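Student: here are the coordinates; sequence isn't available:
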Ligand SMILES: Nc1ncnc2c1ncn2[C@@H]1O[C@H](COP(=O)(O)OP(=O)(O)OP(=O)(O)O)[C@@H](O)[C@H]1O
Ligand SMILES: [Mg+2]
């Protein structure tokens, strides 16, 4: 990978230099792997109503991955878009954090329709109270859902990307969780296109609902760099090297030698790291135009605190453990339901019964 940048940037204005560094994106191994895995799966699923879950820690780069997928779709359908002005190949939107603790489908449908340039949305959002009559929320929801189904068809949408999708898991009880996932699956099935949910490990609660739903989902784990794995430490150091060489400064700062410090405060999440490096550069440049380089004390001013790192690490550990436990638990249950272990044991005695020295039954070679 080419780590250099055009040196004339060094002579540009502060804002241009800050902007240059902020825009600098690294195609690091975890991002590339997740992207390729995702695009491969979307290819197989295109034209099928399936739900794809992309989960990972906060600040790992999930929204960056979403943007990459979005721009890939726009490039792919660019010529078609020129020919058909109504075509919107990708619908991408964010699931809002619920104000009252429960995810609001009316807001979600409204936002989706807005993204598809649907006119007259407000008319479909029936007022909750008309003169003396309460118009049920359900009616508004049904109306908006129906419009969205039509709009997705009319706009020939190929894929739907939903960021911050962990907010869709916010419900009062487990029945509510199932209803939400049912609603998403049924939309995917009616649209006949993949719906991709990007979110934190909270999305994992959607995985565990039931088998019928399970068949309709595929998933991708976009994980952080794990310091317990030698090759992942190496990759994390390479990310640091890339950014250290990307600073438009006369002298390259030394991030690599401090890799443990940067790792400890980011838990190996590239997005968290990049935000931190951006803030440090931005502030130092604005304080002093003559800045030649950055030193450790500059980074310390903007570091994610140990308290913040602790919270991040706890969330990550709990997400990663949940993934392992869910897998083990399911495998154990499956084995016990299918009695696979016992069957294997039962089939053993035939060969065990052989007398020592006796050959396995096998056809002898005949002829010359
Ligand atoms: N590979 C990368 N190269 C450069 N910058 C990156 C990269 N990945 C992420 N960033 C930057 O890091 C910041 C955080 O990344 P992003 O928003 O994608 O993370 P996220 O996983 O969506 O976080 P959250 O869980 O908080 O939504 C953004 O400013 C983004 O531009
Ligand atoms: Mg995000």
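Tutor: Now that the structure is in, tell me what you want to look at. Bear in mind that the values here come from a model prediction, so they are computed numbers and not experimental data. Ligands and ions are numbered 1, 2, ... in the order given.
Student: ok, whichever residue of the chain sits closest to ligand 1 - contacts?
Tutor: Relative to ligand 1, the nearest point of the chain is residue 271 (2.7 Å; C-beta to the nearest ligand atom). (Glycine included, C-beta is placed from N, CA and C.) Counting by C-beta atoms under 8 Å, 6 or more residues apart in numbering, residue 271 touches 59, 60, 61, 62, 63, 64.
Student: what residues does whichever strand or helix holds the last one touch?
Tutor: Put plainly, it is residue 64. Following DSSP states H and E, one finds residue 64 within helix 62-76. With contact meaning C-beta under 8 Å, 6+ apart, helix 62-76 is reached by 25, 31, 34-35, 38-39, 42, 54-56, 81, 89-90, 92, 158-159, 161, 163, 196, 198-200, 222, 271.
Student: buried members of these into ChimeraX, please.
Tutor: Selection of the buried residues among these in ChimeraX, burial being defined by 16 or more other C-beta atoms under 10 Å:
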select :31,34,35,38,42,54,55,56,89,90,92,158,159,161,163,196,198,199,200,222,271
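Student: among the contacts of helix 62-76, which lie within strands?
Tutor: Assigned to strands by DSSP state E, the following of those qualify: 54, 55, 90, 92, 159, 161, 163, 196, 198, 199.
Student: isn't the fifth one right up against residue 52?
Tutor: No: shown here, residue 159 and residue 52 do not form a contact pair, counting by C-beta atoms under 8 Å, at 9.3 Å.
Student: any shared contact partners between these two?
Tutor: Common neighbours of residue 159 and residue 52 (C-beta under 8 Å, 6+ apart) are 42, 194, 195, 196.
Student: in the residues you listed, find the pair that's most separated.
Tutor: Pairwise distances across these (C-beta to C-beta) peak at 10.7 Å, for the pair 42 and 195.
Student: quick one: common contacting residues for the two?
Tutor: Shared contacts of residue 42 and residue 195, counting by C-beta under 8 Å, 6+ apart, come down to 52, 159.
Student: near residue 282, how many other residues are there?
Tutor: Counted with other C-beta atoms under 10 Å, the neighbours of residue 282 add up to 18.
Student: ugh, wrong one, I meant residue 153
Tutor: A total of 13 residues lie near residue 153 under the criterion other C-beta under 10 Å.
Student: from residue 51, how far off is the residue of the stretch 201-350 of the chain found nearest ligand 2?
Tutor: Residue nearest to ligand 2 within the stretch 201-350 of the chain: residue 271 (7.6 Å; C-beta to the ion). As defined by C-beta to C-beta, to the nearest Å, residue 271 lies at a distance of 24 Å from residue 51.
Student: residue 283 is in contact with residue 299, isn't it?
Tutor: No: between residue 283 and residue 299 there is no contact under C-beta under 8 Å: 10.6 Å.
Student: pLDDT averaged over stretch 20-29, what's the number?
Tutor: The pLDDT scores in stretch 20-29 average 96.
Student: and it, end to end?
Tutor: 22 Å (C-alpha to C-alpha, to the nearest Å).
Student: hmm, that stretch touching ligand 1?
Tutor: Yes: counting by C-beta under 6 Å from any ligand atom, ligand 1 has neighbours in stretch 20-29: 25, 26, 28.
Student: give me the contact list for that stretch.
Tutor: Counting by C-beta under 8 Å, 6+ apart, 1, 5, 9, 12, 64, 235, 238-239, 242-243, 246-248, 270, 277-278, 281-282 sit against stretch 20-29.
Student: on that earlier part again, ok, of the contacts of residue 271, which one's closest to residue 230?
Tutor: Comparing these against residue 230 with C-beta to C-beta places residue 60 closest, at 20.0 Å.
Student: show me what contacts the nearest residue to residue 58 once chain neighbours are set aside?
Tutor: Nearest in space to residue 58, with sequence neighbours left out and distances taken as C-beta to C-beta, 6 or more residues apart in numbering, is residue 200 at 5.4 Å. Applying C-beta under 8 Å, 6+ apart, we find residue 200 in contact with 55, 56, 57, 58, 62, 166, 315, 319.
Student: number of nearby residues for the last one?
Tutor: Taking other C-beta under 10 Å as the neighbour definition, residue 319 ends up with a count of 21.
Student: disregarding residues adjacent in the polypeptide, which is nearest to it?
Tutor: residue 201 is the one closest to residue 319 (C-beta to C-beta, 6+ apart), at 2.9 Å.
Student: that neighbour contacts residue 314, correct?
Tutor: No: contact between residue 201 and residue 314 fails when scored by C-beta under 8 Å: they sit 11.2 Å apart.
Student: OK, contacts around residue 299?
Tutor: Counting by C-beta under 8 Å, 6+ apart, residue 299 touches 258, 261, 262, 276, 277, 280.
Student: wait, residue 184 touches residue 195, no?
Tutor: Yes: shown here, residue 184 and residue 195 form a contact pair, counting by C-beta under 8 Å, at 6.2 Å.
Student: in terms of neighbours, single out the busier of those two.
Tutor: residue 195 (24 against 21).
Student: and the pLDDT for the more buried one?
Tutor: Residue 195 is assigned a pLDDT of 94 by the prediction.
Student: and it, how close does it get to residue 335?
Tutor: 32 Å.
Student: residue 118 now?
Tutor: 49 Å.
Student: and these two? Which one has more around it.
Tutor: residue 118 (19 against 12).
Student: list the contacts of the more buried one.
Tutor: Contact analysis of residue 118 by C-beta under 8 Å, 6+ apart lists 147, 151.
Student: check the secondary structure at it for me.
Tutor: Three-state call for residue 118 (DSSP: H, G, I helix; E, B strand; the rest coil): coil.
Student: which parts of the protein sit against ligand 1?
Tutor: For the chain, the residues in contact with ligand 1 (C-beta under 6 Å from any ligand atom) are 25-26, 28, 31, 58-64, 200, 270-271, 274-275.
Student: right, I'll leave it there.
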